[in-house]
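*Asks:* got a structure for you, letters missing:
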Ligand code: ADP
């Protein structure tokens, strides 16, 4: 009798030691996949036989999804179980350990596990804050395998440690993602400050130089006028840059509203072309306007800004000149119909992997050509914000060395 008790005590302390070791091994891990693997390995060690599987409850699909197996032949377990289905499903539903020692004849067996030759299994729920979040199953394919209450109790204790490790890993992942976001944001900000101070410095240097000449040198009235005009141009550029910055900030923080009224898009395109053509002799502009396009609801000043930005880029990024085609088109066969505007140049083009990025704030294509073209990386983000505010869409197709085609479409709910 004494010997039996002594044997039981020894077995118990060996098991507690194993439990302690299994928990400690998990505590040091942060990689989710390593934790899953560690949980399953330890579960098998604790019960001393078989293989193991972990199921996590997917609330949207209402299934227990098998997220990982250990020492289980491939294809012999169900990937998804409903609550109450199989050992995992029953443990999950009842929120208590389930032991099945005659699996082949058990009424709750799943066809996959039965056909896979499973003989015995013990399953425990994974509980978090009193709610089941999944199940852990140890299974054996050995005909003489037997699991007992003790296995169930031990596995349930271990399941709590497993949940704690999974929860910590999730928190760690979230924290890492948040730190990554902050780092990217902080880098974007410092890149931007470097860029802006460089861009602001160019017009400021001009203003400084020309004003010093007016102050220090004997100049004719004509020369003074010429320098004053240069100063004025630089000041206007600075002004534009500051307006862009503030605009984008207002739009991105949701403080900008649009003022809609009936707008003739063909009229907008013609007006922008008329204003730009005299300043760009190397870039003949060819409007192709669809007469079917009637007035639509939009904020005219903002749409002028969009077309102006796209046209300014088409000019800037075609340093060798080339025709620019500005076309409009009514797309009638969709609901609502769309008004589409395209600005197509024959310039340097945009690499495939940058087609989406060009719309991101501060983002510029880095190349020997673009290095000498002034910009802040704010023009296209402003375009996208304005088009978004109108419920529209903007995109670009491009071929390096051949040119780019920037397009936006707006809902063309007829205004008149
Ligand atoms: P930027 O002030 O730099 O012109 P944008 O936001 O207007 O800023 O454009 C972002 C980047 O997209 C530009 O730096 C340029 O690399 C690229 N890009 C924009 N328009 C064109 C175009 N028409 N052709 C080639 N590249 C362009």
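*Replies:* Received, thanks. Computed from a predicted model, the values in this text were never measured in an experiment.
*Asks:* going forward, measure contacts between C-alpha atoms and count neighbours the same way
*Replies:* Noted.
*Asks:* does residue 327 sit in a helix, a strand or a coil?
*Replies:* Using DSSP: H, G, I helix; E, B strand; the rest coil, the structure places residue 327 in strand.
*Asks:* what are the bridge partners for it, then?
*Replies:* Residue 327 has these beta-bridge partners by DSSP bridges: residue 288, residue 342.
*Asks:* residue 345 is in contact with that one, correct?
*Replies:* No: shown here, residue 327 and residue 345 do not form a contact pair, counting by Cα atoms under 8 Å, at 11.6 Å.
*Asks:* please identify which of the two sits among more neighbours.
*Replies:* Neighbours per residue, other Cα atoms under 10 Å: of residue 327 and residue 345, the larger number sits with residue 345, 28 against 18.
*Asks:* quick one, phi/psi of the more buried one?
*Replies:* phi -120, psi 170 (degrees, to the nearest 10).
*Asks:* could you find the closest non-adjacent residue to it?
*Replies:* residue 324 (4.7 Å; Cα to Cα, 6 or more residues apart in numbering).
*Asks:* what helix or strand is the spatially most central residue of the chain located in?
*Replies:* The centroid of the chain falls nearest to residue 181 when counting by Cα atoms, centre = their mean (10.7 Å). Using DSSP states H and E, residue 181 sits in helix 149-216.
*Asks:* list the beta-bridge partners for residue 123.
*Replies:* Assigned bridge partners for residue 123, using DSSP bridges, are residue 98, residue 137.
*Asks:* so what pLDDT did it get?
*Replies:* We have a pLDDT of 96 for residue 123.
*Asks:* can you pull the residues of the chain lying near the ligand?
*Replies:* With Cα under 6 Å from any ligand atom as the criterion, the chain meets the ligand at residues 313-314, 317, 347-350, 358, 363-365, 375-381, 404.
*Asks:* of those, just the buried ones, PyMOL syntax please.
*Replies:* The command below creates a PyMOL selection of those among those that count as buried (16 or more other Cα atoms under 10 Å):
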select buried, resi 313+314+317+347+348+349+350+358+363+364+375+376+377+378+379+380+381+404
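*Asks:* just the ones in strands from the residues of the chain next to the ligand, please.
*Replies:* Among the residues of the chain next to the ligand, the ones falling in strands (DSSP state E) are residue 404.
*Asks:* how about the secondary structure of residue 69?
*Replies:* Under three-state DSSP, residue 69 comes out as strand.
*Asks:* which residue packs closest to it, ignoring adjacent ones?
*Replies:* In this structure, residue 69 finds its nearest non-sequential neighbour in residue 53, 4.4 Å apart by Cα to Cα, 6+ apart.
*Asks:* re the thing from before, next up, the contacts around the residue nearest to residue 345.
*Replies:* Residues in contact with residue 324 (Cα atoms under 8 Å, 6 or more residues apart in numbering) are 283-286, 314-315, 343-346.
*Asks:* as CSV, those with pLDDT would be great.
*Replies:* As requested, those are exported to CSV (pLDDT from 0 to 100):
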residue, pLDDT
283, 97
284, 98
285, 98
286, 97
314, 98
315, 97
343, 98
344, 98
345, 98
346, 97
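*Asks:* return the member of those nearest to residue 130.
*Replies:* Residue 130 has its nearest neighbour among the contacts of residue 324 in residue 343, at 59.9 Å by Cα to Cα.
*Asks:* surely the closest one is in contact with residue 327?
*Replies:* Yes: in this structure, residue 343 is within contact of residue 327 by Cα under 8 Å, at 6.7 Å.
*Asks:* and the residue of the stretch 1-150 of the chain closest to the ligand?
*Replies:* Across the stretch 1-150 of the chain, no residue is closer to the ligand than residue 31, which sits at 37.6 Å (Cα to the nearest ligand atom).
*Asks:* and for the stretch 151-300 of the chain?
*Replies:* Counting by Cα to the nearest ligand atom, the stretch 151-300 of the chain gets nearest the ligand through residue 241, at 9.3 Å.
*Asks:* just give me the neighbour total for that residue.
*Replies:* The tally of other residues near residue 241 (other Cα under 10 Å) stands at 19.
*Asks:* could you do the one 10 residues further on as well?
*Replies:* Residue 251 has 18 neighbours, counted by other Cα under 10 Å.
*Asks:* measure the nearest residue to it once chain neighbours are set aside to the ligand for me?
*Replies:* Spatially, and ignoring its direct neighbours in sequence, residue 251 is nearest to residue 385 (6.5 Å; Cα to Cα, 6+ apart). Using Cα to the nearest ligand atom, to the nearest Å, residue 385 is found at 12 Å from the ligand.
*Asks:* count the residues that sit near residue 385.
*Replies:* Look at residue 385: counted by other Cα under 10 Å, it has 22 neighbours.
*Asks:* which neighbouring elements make contact with the helix or strand containing it?
*Replies:* For residue 385, the host element (DSSP H and E) is helix 379-389. Packing contacts for helix 379-389, counted by 3 or more Cα pairs under 8 Å, 6 or more residues apart in numbering; DSSP states H and E, involve helix 221-252, helix 300-316, strand 393-399, strand 403-411.
*Asks:* mean pLDDT lowest for which of these?
*Replies:* helix 221-252 has the lowest average pLDDT among the helices and strands packed on helix 379-389, namely a mean of 88.
*Asks:* can you point out the buried residues in it?
*Replies:* Using 16+ other Cα under 10 Å as the test for burial, helix 221-252 gives 224, 227-228, 230-231, 234-235, 237-238, 241, 244, 247-248, 251.
*Asks:* quick one, that helix and helix 379-389 angle?
*Replies:* On the basis of axes from the mean of the first three to the mean of the last three Cα atoms, to 10 degrees, helix 221-252 is oriented at 50 degrees to helix 379-389.
*Asks:* in its sheet, what does the next helix or strand after helix 221-252 sit against?
*Replies:* Per DSSP H and E, the first helix or strand lying C-terminal to helix 221-252 is strand 261-263. In the sheet, strand 261-263 lines up against strand 296-298 (antiparallel) (DSSP bridges).
*Asks:* what lies in contact with the partner strand?
*Replies:* 258-265, 390, 411-416.
*Asks:* where does the stretch 51-200 of the chain have low pLDDT?
*Replies:* Regions of the stretch 51-200 of the chain meeting the criterion pLDDT under 70 are absent.
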